[in-house]
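[1] Pasting the sequence and the predicted coordinates here, then a few questions.
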Amino acid sequence: MDSTGGVDLLLVEDNPDDARFVERLLVEHRAESDASTGETALTIETIEHVGSLDGGLERIDTEPPDVVLLDLMLPDSGGLESVDAVVGHAPSVPVVVLTGRDDADVGARAIRRGAQDYLVKGTITAELLLRTLRYAIERARTQRELRDRNHRLALLNRLLRTGIRDDMSMIVGWGDQLHERVDDREAAVVDELLSAAEHALELTDTAADLVDVLSSDADLARGPVDLSSILDAEIAHLREDADVDVSIERYGPEERVLVSGSPMLGSVCRQLLTNATAHTERETVRITVEVETADDRVSLSITDDGVGVPDAQKRSLANSSRTTDDPIVGAGLFLVSTIVEELDGEFEIEDNYPRGTVVTVTLPTASAGRRT
């Protein structure tokens with residue numbers, strides 16, 4: 001339902017006086033609004049009152065309300081167990097708790113158990129009640145939309161990581177076998193086919209990583225991560241898998257460099273190294289990789305001598321409001337910037353002179369990450 005339209009309220013309250021008080025507040029406020037020709041932010045269309053938890057659950061089964069106003073002390077249930085029962089029974093229905101004690105801790109614990117908000121008896125006004133109910137309905141709607149989105153992203157991730165990737169891997173495998181059975185003229189066509197299929201595999205992996213980040217309900221799981229080990233592993237993979245000759249110079253500490261990061265840093269290093277080799281017309285790509293530590297920050301710089309990054313793309317990546325719909329920003333760099341921001345880091349792209357690009361990722365050290 002629309003929170004500005006008619007709302008069906010279920011009041012679960014065993015005290016008749018408290019129930020009548022709530023109903024009177026809502027009826028009188030509606031009458032005052034009608035008389036002044038004003039419009040309330042929330043209109044209570046129906047109020048159904050039951051005096052027990054079992055009665056409330058039965059009503060929810062029969063016809064789910066738009067919001068539940070739930071007393072914490074009921075004849076057949078007491079305290080936060082009532083919240084558990086209603087939320088477990090109908091997780092999509094928003095619950096606002098009524099408590100007789102002016103105890104913020106009780107309300108906070110009710111919210112942690114799934115309630116949207118709480119009200120203290122004896123302090124309730126019509127305006128406060130309506131505002132609390134409206135916010136509860138809006139928050140519940142936002143949470144449902146987020147759960148639905150994440151469910152769809154999870155399905156997309158499974159499709160990318162299994163169905164599409166498996167099919168593309170099969171194309172590459174059959175293409176390799178086909179390459180050995182054709183003449184030189186047809187071999188060139190097979191080479192183009194294999195190149196396109198391998199690129200599609202890379203894009204699939206990038207898209208799946210991006211889905212992982214975008215579908216997270218919270219920040220990326222952080223902890224001490226050895227940036228040096230991750231970086232060296234990705235450099236070794238690049239040297240083995242790159243389609244062009246690569247010359248890599250690596251500078252920085254030889255010992256472990258612990259940053260506040262996540263396993264997704266492997267995707268960051270992979271994307272930056274791959275980009276350095278993909279955009280060039282040179283026979284040998286020259287890449288410089290440097291790790292520097294200073295105070296509570298660690299910087300990783302990757303410099304190449306390729307064609308560079310257009311200014312429009314640099315501006316788009318620097319824009320905090322960028323989205324995946326931006327046609328200027330590639331999926332790989334969007335993934336990098338998103339992960340780095342989630343890890344409270346910084347991402348910068350500059351021109352390398354006389355040609356090429358310098359990309360710098362700066363992250364908090366592991367000790368600095370623990371302090372924040």
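    Right, received. Where do you want to start? Bear in mind the structure is a predicted one, so any value in this text is a computation, not a measurement.
[2] for residue 15, phi and psi?
    Per-residue torsions, residue 15: phi -90, psi 110 (degrees, to the nearest 10).
[3] On the strand side of things, show who the closest residue to it other than its chain neighbours bridges to.
    By the measure of CB to CB, 6 or more residues apart in numbering, the closest residue to residue 15 outside its immediate chain neighbours is residue 71, 7.2 Å from it. Bear in mind the C-beta positions are built from the backbone N, C-alpha and C, glycine included. Beta-bridge pairing of residue 71 under DSSP bridges involves residue 98.
[4] just checking, residue 71 touches residue 13?
    Yes - if you go by CB atoms under 8 Å, residue 71 and residue 13 touch, sitting 4.4 Å apart.
[5] Outline the domain layout of this structure.
    The record's domain parsing of the chain by automatic domain parsing lists 6-147, 219-372.
[6] Residue 7 is in contact with residue 69, correct?
    No - the pair residue 69 / residue 7 is not scored as a contact, 11.1 Å apart, by CB under 8 Å.
[7] you'd agree residue 72 is up against residue 107?
    No - the pair residue 72 and residue 107 does not pass the contact test of CB under 8 Å, sitting 9.7 Å apart.
[8] Have a look at the two and say which one is more surrounded.
    Taking other CB atoms under 10 Å, residue 72 and residue 107 do not tie; residue 72 has more neighbours (23 against 19).
[9] how close does the nearest residue to that one once chain neighbours are set aside get to residue 91?
    Once flanking residues are discounted, residue 72 sits nearest to residue 99: 5.1 Å by CB to CB, 6+ apart. Residue 99 is 21 Å from residue 91, where distance means CB to CB, to the nearest Å.
[10] And for residue 355?
    For residue 355 relative to residue 91 (CB to CB), the value is 56 Å.
[11] what's the answer for residue 316, then?
    39 Å.
[12] The two: which has the busier surroundings?
    Legend: neighbour count by other CB under 10 Å for residue 316 and residue 91, higher for residue 316 (20 against 13).
[13] And the pLDDT at that one?
    Predicted confidence (pLDDT) for residue 316: 70.
[14] what comes up buried for the host helix or strand of it?
    Using DSSP states H and E, residue 316 falls within helix 311-318. Judged by neighbour count (16 or more other CB atoms under 10 Å), helix 311-318 contains these buried residues: 313, 314, 316, 317.
[15] And those residues, which two are furthest apart?
    Taking CB to CB as the measure, the buried residues of helix 311-318 span a maximum distance of 7.3 Å, between 314 and 316.
[16] isn't residue 107 right next to residue 97, touching?
    Yes - the pair residue 107 and residue 97 qualifies as a contact (CB under 8 Å) at a distance of 6.7 Å.
[17] Next, residue 281: secondary structure please.
    What DSSP: H, G, I helix; E, B strand; the rest coil gives for residue 281 is coil.
[18] For the nearest residue in space to it that is not next to it in sequence, give me its contacts.
    Leaving out its chain neighbours, the residue that sits closest to residue 281 by CB to CB, 6+ apart is residue 307, at 7.0 Å. Neighbour list for residue 307: 279, 280, 281, 355, 356 [criterion: CB atoms under 8 Å, 6 or more residues apart in numbering].
[19] Please tell me how far the fourth one sits from residue 308.
    In other words, residue 355. From residue 355 to residue 308 the distance is 6 Å (CB to CB).
[20] hang on, the earlier thing: restricting to C-alpha, output the helix holding residue 316 in CSV.
    Provided in CSV are the C-alpha atoms of helix 311-318 (Å, rounded to 0.1, in the frame of the first residue of the first chain):
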residue,chain,number,x,y,z
ASP,A,311,39.8,12.8,-19.4
ALA,A,312,36.0,12.1,-19.5
GLN,A,313,36.5,8.7,-17.9
LYS,A,314,38.8,10.2,-15.2
ARG,A,315,36.1,12.7,-14.3
SER,A,316,33.4,10.1,-14.2
LEU,A,317,35.4,7.9,-11.9
ALA,A,318,36.0,10.9,-9.6
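[21] What pLDDT does the model give residue 215?
    64.
[22] oh sorry, the question was meant for residue 105
    Reading off the model, residue 105 has pLDDT 80.
[23] That one - how many residues pack around it?
    Per other CB under 10 Å, the neighbour tally for residue 105 reads 8.
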